[in-house]
Every structure is written in structure tokens, then in C-alpha cells.
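>>> model the following, please.
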Amino acid sequence: MAVVVPTVLATTPDEYTVMMQTARSLSARVHVDICDGKFADTTTIGLAQVHVPEGAELDLHMMVEDPAAQLETMLSLHPSLIIFHAESKGDLASCMKHARELGVKVGLALLQSTAVMSAESLLKHADHALIFTGHLGHNAGTLQAEELAKAAELRRVKPDLEISVDGGVNGANTALVAGYQVDVLYVGAYLQRAGDPQKAFKDLARAAAS
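Numbering: from 1, shown residues only. Below you'll find the model as predicted:
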């Protein structure tokens, strides 16, 4: 059974406020994407503009070139989980270790071109793994279902990993994605642009649990 977690990917503070309000109305756990315009071709708001509503559980997804340069700012937001990209520059192992020492869970995201085995040493120290399928840094991506096979590979590397899927999850494919025995479905545009986000979220949650 997978859980649905709403995503916030905002390019302005005002957009962030609106999207966060929508996400928070659906779930205590919220996924926030940060893009630096280098690692991904999109630039979102920066970490300094992120505000976390009281009671929210923040999953912080860092689509940035050099996460070590922003690590202390990330930690100042008191996230529940920081997801680093395996393809980022720098000493990710040290970043992950430092965050975990402070009680923050850490995850590793894999782009479509990244094989699970290439990130095995980092995954063994992670709490979470994110299978990315879609267009990096953009809302309303298209699910690339062939990437879902990575879930079984990730389980072999570390059976107790929490595994998520991000990119293109919607009402038409939620049951398919959940069927790969993943734990978390990150959903952005499908919920944020829904005429009735509450109904859309409940429908996704029902499909993910089936």
C-alpha cells in the first residue's frame, strides 16, 4: 500500500504560498522541490523563501548542483527528510551522514539515466530512495513506466528503504505505480491544478491503497 504526498514546485513566493496551502489541506506530509537552474533547467524559489506551516512534515527534494553549499540552510528548515540527487556534485556521503546525525532522514533520487547499482554505496546509507520519471524541475510530467522496475532493484540493495516515485503520477496510473510495491507517490500538478483537490487526493489515495 502506497501513500500519496502532494508536491509543491513554485517559482515565486506567492505561488509557493498558494501551493503550500493546497498541499497542506490534503496532507501533513508535503514534498517541496527546490531547483537551482543548473542541475535542472528550472529555477524555483530558494530555500530562504521556504516557509513550513506548523505541523507539516517536510520532504525536501534538492534538485541542485552543489547540495553541500546549502546543507545548513536545508537543516535550518527542520525537514523530516532531505532527498539528494545521486547525480549532484560533491561529497554526498558526508552530507547524508551529517543530516542523519541531526536526526533528519536522508534519501537518494535517481534520474532515468542512473542505474541503481551505480548508486549502491550511497543507497546503503539512505532511508529513502526516489525513482524519478518525468521532466526534471517541471510540473505535469509524463510517467515513464519502464523506470518502475528500479523498485525491485532498490529492495535488493536495501530491503527496508522507503521507495517513492515522482513524475507524472495521476489518476490514470496510480494503481499501476502502486503495484510495483513502492511506498510513496509524490503528486504535483495533478493535485495542484485539480478543480477539486480534496476529491482528487481521495481518489488517488484509494487507488494507491488498492
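
>>> what about the strands in the protein?
3-8, 29-35, 57-63, 81-85, 105-110, 128-132, 162-166, 184-187 (DSSP state E).

>>> quick check: which of those is nearest to L122?
strand 105-110 (5.4 Å; CB to CB). The way it works is simple: take the backbone N, C-alpha and C, and place the C-beta from them, glycine included.

>>> quick one: strands adjacent to that closest one?
Strand partners for strand 105-110, identified by DSSP bridges, are recorded as strand 81-85 (parallel), strand 128-132 (parallel).

>>> spatially central residue for this protein, please.
H61 (5.0 Å; CA atoms, centre = their mean).

>>> still on that earlier bit, now render the strands paired with strand 105-110 as TSV, adding mean neighbour count.
Formatted as TSV, the strands paired with strand 105-110 follow (neighbours: other CB atoms under 10 Å):
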stretch	mean neighbour count
strand 81-85	25
strand 128-132	26
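
>>> out of those, nearest to R155?
strand 128-132 (9.4 Å).

>>> which residue lies farthest from the center of the protein?
Largest centre distance within the chain, by CA atoms, centre = their mean: G195, 23.4 Å.

>>> one step back: turn the strands of the chain into JSON lines, columns for distance to E15 and mean pLDDT.
JSON lines is the format used below for the strands of the chain (distance: least, CB to CB, whole Å; pLDDT from 0 to 100):
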{"stretch": "strand 3-8", "distance to E15": "9", "mean pLDDT": "98"}
{"stretch": "strand 29-35", "distance to E15": "12", "mean pLDDT": "97"}
{"stretch": "strand 57-63", "distance to E15": "17", "mean pLDDT": "97"}
{"stretch": "strand 81-85", "distance to E15": "21", "mean pLDDT": "98"}
{"stretch": "strand 105-110", "distance to E15": "23", "mean pLDDT": "98"}
{"stretch": "strand 128-132", "distance to E15": "22", "mean pLDDT": "97"}
{"stretch": "strand 162-166", "distance to E15": "19", "mean pLDDT": "97"}
{"stretch": "strand 184-187", "distance to E15": "17", "mean pLDDT": "97"}
